[in-house]
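Asker: let's see this in three dimensions:
(2 chains)
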Amino acid sequence: MSSLVDGVRAGSRRSLAKLLTIIENEREGAREALAALFPHTGRAWILGVTGAPGTGKSSLVNALAKAYRARGQTVAIIAVDPTSPFTGGAILGDRIRMRDLAGDPGVFIRSMATRGSLGGLARATREVIRVLDAAGFDRIVVETVGAGQSEVEIVRAAHTTVVVEAPGLGDDVQAIKAGILEIADVLVVNKADRPGAQNTIRALKAMLELGHPTRTARVNHHGQRMQVDTPVAEADSIWLPPVIQTVATAESAEESGVAALIDAIDAHRDHLHTAGTLEPQERERIMIELRDRLQHELMTRLLGSLPDGLLTETVRRVQARELDPRQAVAWILDAS
Amino acid sequence: MAQQAIRVLIAKPGLDGHDRGAKVIARALRDAGFEVIYTGLRQTPEMIAEAALQEDVDVVGLSILSGAHMALVPRIREVMNAAELEDVPIILGGIIPDEDKPRLHELGVSGIFGPGTSTETIATHIRQIVQERDERASS
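Answerer: Numbering: from 1, shown residues only, chains lettered A, B, ... in the order given. Next up, the predicted model:
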């Protein structure tokens, strides 16, 4: 195992790929390898790219990685696609849109299946990020599964979360619902050459201005344009997510809007540094991760300690209406 | 609670644009519980080897309908070996004449599946070669 760790630190892509498999499968040696690599993490800037299926996340990640490479930065990409809840199988198809990156030794792409995890990432994604970080990549881009409204796990893994929208996916009430738009540090309207793009951009901007304590918001009231003052107290220390238009499939980073996207991401990074939010944010994330891991570990131990057949018997009793599900849980805990 | 999954790369090397067969196989292998990395059309040998390496797949599945298999397969094997992927088997789907099969097997193609092969046969073959590899590794 230590040879794989050494290989990863020395830049061996084969070692890196093999270690990622060991971690993903929670095979023997995963723990010690992660422990050995952990001191070398914390250097990479981690980007999350999320959004509904078909908004063009993979194409955007492809364009983003190309632009970073042109600036001399190395890029690792983690592309997550869903596992079938019925068969356990998955089609991981994000590489199709990333063929421009083929043959570049400064790029490493790894596809991951969610394997039953529901938050838009796989359970091992955070650890895979750490290994890629320790392997020395400058930027790590995590593309989530096609996300709906509540797959927001990515915010706990990424420094900057980019939410990708496309024209024609919903009205302005969708834009004020809780969920995925709330987690955006940068909003992208991709496929901005399509009809309706300007409407989408306007709706998103209006939503953002209402939701954040900026100076003024402009609203249409019975056809009158009105300026409404909104709370300004914290305006300067608060990050207002910019809305960037992109056409990810365009030839150059300038034409595609990706150069503007990178500027927005850099601005967000500068903001986190100057506002001093990085450190408390990391502390909170560590806390959340420790709780998650503790929960998982306790669950594994508990299930391992139950007498044979107890679970099946409990299910039977609930189905027979002898116990309600909450009583059943108490009964299981008493029996363990 | 380690979750294992067999990972298979499905790629279409060469220039013919007929990927329906590859998609049918990808979908069938998904339904058989595999994680299928699908890379799409017109993959060069270098792209296939690179994807196989980064994704650490257990098997590489190639779909070749163009008749160019005797040129493509040796080249892909060569590039994969150069990337230290000697231990990753290749399986082949498509229209492959019988007289070419012995040579392909010599090149380390573990299975050749023509039109009409049931997807269950392919899934069983993949499970078997992965199991044999694991047994070799642990012995």
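
Asker: give the contact list for A:Val163.
Answerer: Contact partners of A:Val163, counting by CB atoms under 8 Å, 6 or more residues apart in numbering or on different chains, are A:Thr50, A:Gly51, A:Ile180, A:Leu181, A:Ile183, A:Ala184, A:Val186, A:Leu187, A:Val188. Yep, even glycine has a C-beta here, placed from its N, CA and C like the rest.

Asker: SS state for it?
Answerer: Of the three states, A:Val163 takes strand under DSSP: H, G, I helix; E, B strand; the rest coil.

Asker: okay, now the nearest residue to it once chain neighbours are set aside: neighbour count?
Answerer: Nearest residue to A:Val163 in three dimensions, chain neighbours excluded: A:Ala184, at 3.8 Å (CB to CB, 6 or more residues apart in numbering or on different chains). By other CB atoms under 10 Å in any protein chain shown, the residues close to A:Ala184 number 23.

Asker: am I right that A:Ala184 is in contact with A:Val164?
Answerer: No: judged on CB atoms under 8 Å, A:Ala184 makes no contact with A:Val164 at a distance of 9.3 Å.

Asker: for stretch A:78-98, what is the average pLDDT?
Answerer: Averaged across stretch A:78-98, the pLDDT comes to 91.

Asker: please see if it touches chain B.
Answerer: Yes: using CB under 8 Å from any CB of the partner chain, stretch A:78-98 reaches chain B at A:Thr83, A:Ser84, A:Thr87, A:Gly88, A:Gly89, A:Ala90, A:Ile91, A:Leu92, A:Gly93, A:Arg95, A:Ile96.

Asker: try stretch A:142-156
Answerer: No: legend: contact between stretch A:142-156 and chain B by CB under 8 Å from any CB is lacking; minimum distance shown is 13.7 Å.

Asker: quick check: end-to-end length of that stretch?
Answerer: Terminal residues of stretch A:142-156 lie 12 Å apart, using CA to CA, to the nearest Å.

Asker: one step back: need the pLDDT of the residue nearest to A:Val163.
Answerer: For A:Ala184, the predicted pLDDT is 90.

Asker: and what of B:Val24?
Answerer: So, for B:Val24, pLDDT stands at 89.

Asker: who's in contact with it?
Answerer: B:Val24 touches B:Thr119, counting by CB under 8 Å, 6+ apart.

Asker: pull out the buried positions in the strand or helix carrying it.
Answerer: Using DSSP states H and E, B:Val24 maps to helix B:20-31. The neighbour-count check on helix B:20-31 (16 or more other CB atoms under 10 Å in any protein chain shown) flags B:Gly21, B:Ala22, B:Lys23, B:Ile25, B:Ala26, B:Arg27, B:Ala28, B:Leu29, B:Arg30, B:Asp31 as buried.

Asker: hey, where'd the helices end up in chain B?
Answerer: B:20-31, B:45-55, B:69-82, B:101-106, B:119-138 (DSSP state H).

Asker: rewinding a little: JSON lines please, covering the buried residues of helix B:20-31 and showing distance to chain A.
Answerer: As requested, the buried residues of helix B:20-31 are exported to JSON lines (distance: CB to the nearest CB, whole Å):
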{"residue": "B:Gly21", "distance to chain A": "15"}
{"residue": "B:Ala22", "distance to chain A": "11"}
{"residue": "B:Lys23", "distance to chain A": "9"}
{"residue": "B:Ile25", "distance to chain A": "11"}
{"residue": "B:Ala26", "distance to chain A": "6"}
{"residue": "B:Arg27", "distance to chain A": "7"}
{"residue": "B:Ala28", "distance to chain A": "9"}
{"residue": "B:Leu29", "distance to chain A": "7"}
{"residue": "B:Arg30", "distance to chain A": "4"}
{"residue": "B:Asp31", "distance to chain A": "5"}
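
Asker: which of these sits closest to A:Met207?
Answerer: Checking the buried residues of helix B:20-31 against A:Met207 by CB to CB gives B:Arg30 as the nearest, at 37.0 Å.

Asker: pretty sure that closest one contacts A:Ile91?
Answerer: Yes: the pair B:Arg30 / A:Ile91 is scored as a contact, 5.1 Å apart, by CB under 8 Å.

Asker: okay, now the domains of chain A?
Answerer: A:1-38, A:41-276, A:306-335 (automatic domain parsing).

Asker: tell me which of these sits most buried.
Answerer: domain A:41-276 (a mean of 19; mean count of other CB atoms under 10 Å in any protein chain shown).
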